[in-house]
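J.: Predicted model, plus sequence, below.
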Amino acid sequence: MSRIVGIDLGTTNSLVAYVDEKTGLPRVIPDRDGQALLPSIVSFASEGVLVGAAARRQLVRRPDTTVYSVKRLMGRGYEDVKDELCYFPFKVLPCEGIVKIQVRDREVTPPEVSAIVLKSLKERAEVHFGEPIEKAVITVPAYFNDSQRQATKDAGRIAGLDVVRIVNEPTAASLAYGLQKIREGVIAVYDLGGGTFDISILRVKDGVFEVLATNGNTHLGGDDFDREIVLWLLEDIRQKHDVYLGRDPEAMQELRLAAEAAKIRLSFDERTVLTIPFDGFTYRREITRGELEQLIARLVDSTLRPCRMALADAGLAPTDIDEVVLVGGSTRIPVVRRRVGELFGKTPHSQLNPDEVVALGAAVQAHILAGGITDMLLLDVTPLSLGIETLGGIVSVLIARNTTIPTNAREMFTTSVDGQRTVDMHVVQGERELAKDCRSLARFELSGIDPMPAGMPKIEVVFLIDANGILQVTATEQRTGKASAIEVKPTYGLSDADVERMVEESFTFAEADVEARLLIEARNEADTVITHVERALGQGAKLVGAEERAAIETGLEALRRARGSSDRELIREATTALNHATEHLAELMMDAALKGALASRRADEIMEK
Amino acid sequence: MDHFEVFGLPRRLGIDVAQLQRKFYELSRQSHPDFHQAAAPERQAEILEASARLNAAYRALRDPVARIEYLVRLEEGRDTKEGAVVKPKAPPELLEEMFEIQEALQDARAGGLDAASRETLVGQRDRLMGRYRDEEARLRGPLSEAWDRASASERAAALDAFKDALATRAYLRTVIDDIDEALGEVEEGHVSHRRH
């Protein structure tokens, strides 16, 4: 069997991993700069498409054509996401069915954007192995519904990957832990990432990982924490500087990035200072861990209810949990760890890097599917009840939530009018009694029924949820034993023809000329260095002698000239040279800053006393 | 193949759950699609079907009350899909109390509860929960044992006893859910699937 890689397609970052044949352990594949995390960001520049760190650098410069957190839009309709669209600087179009994003003169769907991220990871793996990679296991939040899973699978197909399995993130994480840390017991996996939250309760025994229950919120994560901080900062800026920046996309991106960075620092420091240069003023604000905790308290607490519901569905009390495992970058936040610890009455552990553990688990599942591991088996569940709409809009549940997959249900259908040739079904997912309150998955039309008196035809429809958690529907006319024709109209999905077209287009569109891409990256890097050096010269010029200053200015001028050319190598060389020329200055400035920070801390302490 | 046969078990209710779980894991290792990725498509379809059948069988048999519901369906030769096997029926000795509760529920729907009637309702709910648990204990204990002991001629009576107890249990569940709803103690998006 050919090689299968494991991919964590995250809201904020994505990774690719594999199992090392020699050690039997999963490993993340870094890019050529040694970075494991690929920011899940795609920038549609006029010169071509940028992805990852290069796209991240475009967030502020080109907010309208740089798409991030697209996972929040996967498998969703406009109505689902319209309330949060004001936070996205790129344009999401109002339309029927699946949402579309307007970038420059074209429209792209979330699976196409995700496909660009996947393709980049695919290429990374191909460079690593020196061979084509065609198969992957991709992870999704456990609480993803059928449309969201299907959208992820479509993204893989558009990227040229055969997605051999969609696996749930918390269960993937448990596989990675199972291989290395946990052998037996009941474990709770609390997975809070950039945009989604999952809780899964598993029993691990004899190499079998049996999911007992899962719950979550596919719209809750670090992004929402950042948003709380941004709203608070906006108000603070309005008070202090008498300006409202909420409608300025570039300023909003600056604020968002600064808020995210501050949030991360506050996991390690008690207090931190945000400094953001805006047009006409520099905003400076200290924020303490206590303030952050107050801002996000409501959101963190909202993760506890799904935990209790999962426990109830598993028929367990918090004390029945042997181990609590933390997954996802947002579980680095101390208040999150505290709340989870309180709920389960034990200290949660996170020996494996919470950013990497899902990808590692995906690699383990990939290795199981490739036949490389035979003593581990994952038995997962479907997170949401599946039903069909019946008379009066009431849902008749066919498959209950937390049923082990694969699973199927059979239902007989017939006609209600003489000579009726087709029968319609509306399939929904969710826990509510009325179809309108559930998630509409698809409408199915059974056709080609022979004309008969009403109630005579007997059509058996089998609803199968496969090991990916994805629904497959088949129908058989019982009298003839003939398979009935079914036309599927997914409510929030792409048709096969759509996907085919996107696969075609991706070759012409997403595969931007490598040379062009490298040039853009080199220019971006040059821009960053130029900005930094200009600022450094402004602030720290007196720290160095005239000779050194002259050398830096010469280097700066050389880089400015090189940047204007299309010679990538020349830009790279000039950038390196300038970096080298400013090393000493950077050191001196760092020292000065440290002294300054120490001095101000001492001042704070004195003030407190 | 019925769910008992999947596990090679006789049609009896006394099942050692720990043993059932071991067997489930063992059979899963044989029929889970993960271990048959390289098989031909027709074989994969068979595996998928076998795996779904195994999962359904385990789900039906691992819980003692679900096991009884399944047995009743099986004995009556009905389809094996999930769904209530009996119509809810009020236990006669509770009829008077039920009347009071229904009135209180109507008041609650009309305009809310005062503290006193709220407290009464909570007390009634807790008593019904007790009764509900008793009914489940009866199903799991004496009634299941009676079925396992029953001779061929006694089976019909044992089955009727199950149906009675299940109908009472279903009724109690509905009333308890209604009271919880009136008390505002139902979490949105988390209905108890009473139609199952």
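T.: Cool, the structure landed.

J.: What pLDDT is listed against A:R602?
T.: At A:R602, the pLDDT value in this model is 47.

J.: Could you do A:T508 as well?
T.: Reading off the model, A:T508 has pLDDT 54.

J.: A:K122 versus A:A366, what's the distance?
T.: 13 Å (Cβ to Cβ, to the nearest Å). Using the backbone N, CA and C atoms, a C-beta is placed for each residue, glycine as well.

J.: Then A:V164?
T.: Separation of A:V164 from A:K122 (Cβ to Cβ): 14 Å.

J.: same thing with B:A18?
T.: 45 Å.

J.: Please name every helix or strand in contact with the lengthiest helix in chain B.
T.: For chain B, the helix reaching the highest residue count under DSSP state H is reported as helix B:155-182. Applying 3 or more Cβ pairs under 8 Å, 6 or more residues apart in numbering or on different chains; DSSP states H and E, one finds that helix B:155-182 contacts helix B:64-75, helix B:95-111, helix B:115-138, helix B:144-149.

J.: For the stretch 451-600 of chain A, which residue gets nearest to chain B?
T.: A:A467 (5.0 Å; Cβ to the nearest Cβ).

J.: For that residue, give me its contacts.
T.: By Cβ atoms under 8 Å, 6 or more residues apart in numbering or on different chains, A:A467 lies in contact with A:165, A:380, A:405-406, B:32-34, B:51.

J.: do that again at 6 Å, thanks
T.: By Cβ atoms under 6 Å, 6 or more residues apart in numbering or on different chains, A:A467 lies in contact with A:405-406, B:33.

J.: now these in a markdown table, with neighbour count and pLDDT?
T.: Listed next are the contacts of A:A467 as a markdown table, based on neighbours: other Cβ atoms under 10 Å in any protein chain shown; pLDDT from 0 to 100:
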| residue | neighbour count | pLDDT |
| --- | --- | --- |
| A:I405 | 23 | 95 |
| A:P406 | 28 | 96 |
| B:P33 | 21 | 92 |
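
J.: Where does the prediction get shaky in the chain?
T.: Using chain A. A:1, A:506-517, A:594, A:596-609 (pLDDT under 70).

J.: actually chain B
T.: Looking along chain B with the criterion set at pLDDT under 70, you get B:79-85, B:112, B:185-196.

J.: Find the centremost residue of it, please.
T.: B:A66 (4.0 Å; Cα atoms, centre = their mean).

J.: give me every residue that touches it.
T.: B:A66 makes contact with B:A60, according to Cβ under 6 Å, 6+ apart.

J.: The one 4 residues further on now?
T.: B:Y70 makes contacts with B:A60, as judged by Cβ under 6 Å, 6+ apart.

J.: try 7 Å
T.: Listed by Cβ atoms under 7 Å, 6 or more residues apart in numbering or on different chains, the contact partners of B:Y70 are B:3, B:60.

J.: With A:R338 as the reference, measure out to the closest residue to A:G185 other than its chain neighbours.
T.: In space, and not counting its chain neighbours, A:G185 is closest to A:D322: 3.5 Å by Cβ to Cβ, 6 or more residues apart in numbering or on different chains. A:D322 is 20 Å from A:R338, where distance means Cβ to Cβ.

J.: before we move on, back to that, same list, the contacts of A:A467, but as CSV with distance to A:A558 and secondary structure please.
T.: Conversion of the contacts of A:A467 to CSV gives the following (distance: Cβ to Cβ, whole Å; DSSP: H, G, I helix; E, B strand; the rest coil):
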residue, distance to A:A558, secondary structure
A:I405, 61, coil
A:P406, 63, coil
B:P33, 61, helix
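
J.: Do stretch A:415-428 and chain B come into contact?
T.: No: Stretch A:415-428 is not in contact with chain B by Cβ under 7 Å from any Cβ of the partner chain; minimum separation 13.5 Å.

J.: Just the buried positions in that stretch, please.
T.: A:415, A:420, A:423, A:425-428 (16 or more other Cβ atoms under 10 Å in any protein chain shown).

J.: immediately after the host helix or strand of A:R523, which helix or strand?
T.: Element membership of A:R523 [criterion: DSSP states H and E] is helix A:514-540. For helix A:514-540, the following helix or strand on the C-terminal side (DSSP H and E) is helix A:546-564.

J.: who's in contact with the residue sitting furthest away from the middle of chain A?
T.: Farthest-out residue of chain A from its mean C-alpha position, per Cα atoms, centre = their mean: A:P453, at 51.9 Å. Applying Cβ under 7 Å, 6+ apart to A:P453 gives the contacts A:D418.

J.: so it, which of the three states?
T.: Three-state call for A:P453 (DSSP: H, G, I helix; E, B strand; the rest coil): coil.

J.: Contacts for the helix or strand A:E291 falls within, please.
T.: Using DSSP H and E, the element containing A:E291 is helix A:289-301. Contacts with helix A:289-301, where a contact means Cβ under 7 Å, 6+ apart, come from A:220, A:224-225, A:228-229, A:232, A:263, A:266, A:270-271, A:335-336, A:339.

J.: Go ahead and measure how far it is from the middle of the chain.
T.: 22 Å (Cα atoms, centre = their mean, to the nearest Å).

J.: likewise stretch B:69-76?
T.: 12 Å.

J.: Likewise for stretch A:285-294?
T.: In terms of Cα atoms, centre = their mean, the centre of stretch A:285-294 is found 26 Å from the chain centre.

J.: what do you get for stretch A:169-189?
T.: 21 Å.

J.: and if you look at stretch B:24-43?
T.: 29 Å.

J.: is that stretch up against chain A anywhere?
T.: Yes: using Cβ under 7 Å from any Cβ as the criterion, contacts between stretch B:24-43 and chain A involve B:25, B:28-29, B:32-34, B:37-38.

J.: Of the residues you listed, which count as buried by neighbour count?
T.: Counted by 16+ other Cβ under 10 Å, these give B:25, B:28-29, B:32-34, B:37 as buried.

J.: And the residues you listed, which two are furthest apart?
T.: Between any two of these, the greatest separation by Cβ to Cβ is 19.6 Å, found for B:Y25 and B:Q37.

J.: circling back: pick out the most distant pair among the buried residues of stretch A:415-428.
T.: A:Q420 and A:V428 (23.0 Å).

J.: quick one: the residue nearest to B:R125 when sequence neighbours are not counted from chain A, how far?
T.: Spatial nearest neighbour of B:R125, chain neighbours left out: B:I179 (4.4 Å); criterion: Cβ to Cβ, 6+ apart. B:I179 sits 17 Å away from chain A, going by Cβ to the nearest Cβ, to the nearest Å.

J.: roughly how far apart are B:I179 and B:T120?
T.: 11 Å.

J.: More neighbours: the two, which one.
T.: Legend: neighbour count by other Cβ atoms under 10 Å in any protein chain shown for B:I179 and B:T120, higher for B:I179 (22 against 15).

J.: Kindly calculate the angle that the longest helix of chain B makes with helix B:115-138.
T.: Interaxial angle of helix B:155-182 relative to helix B:115-138 (axes from the mean of the first three to the mean of the last three Cα atoms, to 10 degrees): 160 degrees.
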